[in-house]
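[1] quick check, what structure comes out for this input:
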Amino acid sequence: MKTKRFWFICLLTLLAAGVVGQEALCQPRYALATTPSELFLFRDSGKWGTKSWVQLFSITPGSSALAGVASDGRYVYVVDQTARTVIVGTVGNVLEGPVWQQVAVVTLRSADGKEVPSPRQIAADGLGGFYVTGGASGGKAYFAHVRPNNGNWSEPVVSIGELASATIVDVAVTKSGQSAIIAHIKDTPSTRSSWTCRATAGAVSDAYSLLPNSYNARAVAMLGRAGSDGYAYVANYNSDSTFTMGSIRVVDAATGIPKGTGATLLAPSMIPDDIAAFTVGENSYLAIIGRASGTGAAWRIALDQTGEWLPLMDSVISAQIPLATGHQCAASDDGELLWYTSEDGTLRALRTTTWTTVPPSEFDGTVGESAKLIYVAGFSPLVIPEPSSGASLAALVCGSIAVLRRKRS
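    Numbers count the residues shown, from 1 in each chain. Down below sits the predicted model:
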């Protein structure tokens, strides 16, 4: 009799754990997006009240202009392009009603007085810091690596790096987080050819040309499962001087050396603006947002996982979408969703397995006629069970232990 009761209690405990686990699996996917004066959080299923989004904070237009956004799950990092700073904060109570808590405002200036002019793109390194790329000044382009000082954001360590005769377009962090790949364009000679270099804090390694067939680099994305420290994929706006098609070049993030003998040519009139790399199940893909014959388009391209992880052009799936803003898409951590912003200022999402748009009845990324979303990043906070479920499970486990103790005594 005692044995039956014991197994019955265990069964109830497992069932309760299963309910909580199922709730965790059904959690929404989140994205962060900025307008020049606001930061928003979005979810692809369920709503906060009646909306798919909530405004986390806003700033006074004019003195500040928000740009890129990134997150490592714990902290959110938002670039202020005008103030040359990065706002660091956290998001609490994500499931019920998100609450923004500002932690610090980091000035992108090193101890020796170097600064990052007009910062735009940002990428979290997963180790508690981030990389920020900026504009040019005095013939040099600048970037920064920032980390807290022994976990303290009030006294961050800011390292500034520079590239001569270059225009930086984007940055992606390697799988280990120990370095980053910076995609840039060489201004001299004036071919606008695409290049990459590896950055570690404020120092850069040798730069490599991505020629042939690589001009006007637009974006870079990292696939962590390829190679020893990930492969970087650089989307080039054109592969020659005619601007009729784009190209993709693959770079080994561990060495910084480009793979193969040249870039992979995209189909005619397939011109990329932004790129994301993601994995669904056992398969890895590239997502490209761009334009074809003057209309917006999104492409999903499978990667050859048996060889050099090159794009397989015979696997391309295309979807017509509104014209994108030109540089902003991001995949969810599980690879099931691709977020992108459009020229009309809204955020939209594609389900990557079917390559179809999430319908407005499930997700509405319109935050207002005057508010234009530009920069977007995926957001994956630590999934915590609903308080009621967690409390129920805890009570059940504690009750089970108490019953067993009484029976034994």
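
[2] tell me who's in contact with G345.
    Counting by C-beta atoms under 8 Å, 6 or more residues apart in numbering, G345 makes contact with T35, T325, T366, V367, A371, K372, L373, I374. (Each C-beta comes from the backbone N, C-alpha and C, glycine too.)

[3] what of I288?
    I288 neighbours (C-beta under 8 Å, 6+ apart): A235, I248, L266, M270, P272, D274, I275, A298, W299, I301.

[4] go on, A180?
    Going by C-beta under 8 Å, 6+ apart, A180 touches A123, D125, Y131, H145, V171, A172, V173, T174, R198, A199, T200.

[5] just give me how far stretch 282-291 sits from the chain centre.
    Offset of stretch 282-291 from its chain centre (C-alpha atoms, centre = their mean, to the nearest Å): 14 Å.

[6] now that stretch: average pLDDT?
    Stretch 282-291 carries an average pLDDT of 96.

[7] only the buried residues of it, if you could.
    Neighbour-count burial for stretch 282-291 flags S284, Y285, L286, A287, I288, I289, G290, R291 (criterion: 16 or more other C-beta atoms under 10 Å).

[8] just to revisit the earlier point, now, of the contacts of A180, which are buried?
    A123, D125, Y131, H145, V171, A172, V173, T174, R198, A199.

[9] wait, W48 touches V94, no?
    No. Assessed by C-beta atoms under 8 Å, W48 is found out of contact with V94, at 9.5 Å.

[10] most neighbours out of the contacts of I288, which is it?
    With neighbours taken as other C-beta atoms under 10 Å, the top of the contacts of I288 is A235, carrying 32 neighbours.

[11] ok, now which ones touch that one?
    With contacts defined as C-beta under 8 Å, 6+ apart, A235 is in contact with 217-221, 246-248, 272-275, 288, 290.

[12] now the strands: where do they sit in the stretch 301-409 of the chain?
    Applying DSSP state E, counting those that start in this stretch to the stretch 301-409 of the chain gives strands spanning 317-320, 324-331, 337-342, 347-351, 356-357, 375-379.

[13] what sits against the residue lying closest to E162 once chain neighbours are set aside?
    Setting aside the residues directly before and after it, E162 is nearest to K140 in space (C-beta to C-beta, 6 or more residues apart in numbering), at 4.6 Å. With contact set as C-beta under 8 Å, 6+ apart, K140 has these partners: E162, L163, A164, S165, A166.

[14] got it, and K51?
    Neighbour list for K51: D364 [criterion: C-beta under 8 Å, 6+ apart].

[15] for it, name its beta-bridge partners.
    Taking DSSP bridges, one obtains W48 as the residues bridged to K51.

[16] how far away is it from Y375?
    Distance of K51 to Y375, given as C-beta to C-beta, to the nearest Å: 20 Å.

[17] then L223?
    21 Å.

[18] neighbour-wise, which of the contacts of K140 leads?
    Each of the contacts of K140 was scored by neighbours using other C-beta under 10 Å; the highest score is L163's, at 22 neighbours.

[19] still on that earlier bit, okay if I get the contacts of K140 as JSON lines plus pLDDT?
    Output for these, formatted as JSON lines (pLDDT from 0 to 100):
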{"residue": "E162", "pLDDT": "94"}
{"residue": "L163", "pLDDT": "94"}
{"residue": "A164", "pLDDT": "91"}
{"residue": "S165", "pLDDT": "89"}
{"residue": "A166", "pLDDT": "93"}
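
[20] the helices in this structure, which residues?
    Ranges of helices within the chain are 2-25, 387-408, based on DSSP state H.

[21] of the ones you listed, which shows the lowest average pLDDT?
    helix 387-408 - the lowest mean pLDDT of the helices of the chain, at a mean of 38.

[22] show me where pLDDT drops low in this structure?
    Counting by pLDDT under 70, the chain shows low-confidence ranges at 1-26, 188-190, 324-327, 382-409.

[23] recalculate using a threshold of 80.
    Applying pLDDT under 80 to the chain flags the ranges 1-26, 61-63, 187-190, 241-243, 323-327, 369-370, 382-409.

[24] which strand of it spans the most residues?
    strand 152-164 (DSSP state E).

[25] so what touches that strand?
    Outside strand 152-164, the residues that touch it by C-beta under 8 Å, 6+ apart are 88, 103-104, 106-111, 114-116, 139-149, 182, 184, 197, 199, 201-204, 207.

[26] got the contact list for the closest residue to T279 other than its chain neighbours?
    What sits nearest to T279 in space, not counting adjacent residues and going by C-beta to C-beta, 6+ apart, is G335, at 5.0 Å. By C-beta under 8 Å, 6+ apart, G335 lies in contact with F278, T279, V280, Y285, T352.

[27] among the residues you listed, which ones are in strands?
    F278, T279, V280, Y285.

[28] who has more neighbours, W48 and V94?
    A count of neighbours by other C-beta under 10 Å puts V94 above the other of W48 and V94, at 20 against 16.

[29] residues in contact with that one?
    By C-beta under 8 Å, 6+ apart, the residues touching V94 are Y30, L41, P381.

[30] any idea how far the residue nearest to I275 when sequence neighbours are not counted is from V250?
    Distance criterion C-beta to C-beta, 6+ apart; nearest residue to I275, sequence neighbours excluded, is A235 at 4.0 Å. Using C-beta to C-beta, we find A235 at a distance of 11 Å from V250.

[31] ok so, going back, just the contacts of G345 now: which is nearest T261?
    T325 (33.5 Å; C-beta to C-beta).

[32] picking up where we left off before, tell me the bridge partners for the residue nearest to I275.
    Bridge pairing for A235 (DSSP bridges) gives the partners A219, I248.

[33] going forward can the numbers begin at 281, since that is how I track them
    OK, 281 is where the count begins now, so the last one is A515.

[34] shouldn't F659 be in contact with P308?
    No. With contact defined as C-beta under 8 Å, F659 does not reach P308; the gap is 10.3 Å.

[35] looking at the two, which has the bigger crowd around it?
    Neighbour tally, F659 and P308, criterion other C-beta under 10 Å: the higher count belongs to F659, 25 against 18.

[36] for that one, which non-adjacent residue is spatially closest?
    Nearest non-adjacent residue to F659 (C-beta to C-beta, 6+ apart): Y310, at 4.1 Å.

[37] check contacts around the one you found.
    Y310 touches L321, F322, R323, D324, V374, G658, F659, S660, P661, counting by C-beta under 8 Å, 6+ apart.

[38] that one and N429, how far apart?
    For Y310, the distance to N429 (C-beta to C-beta) stands at 29 Å.

[39] done for today, thanks.
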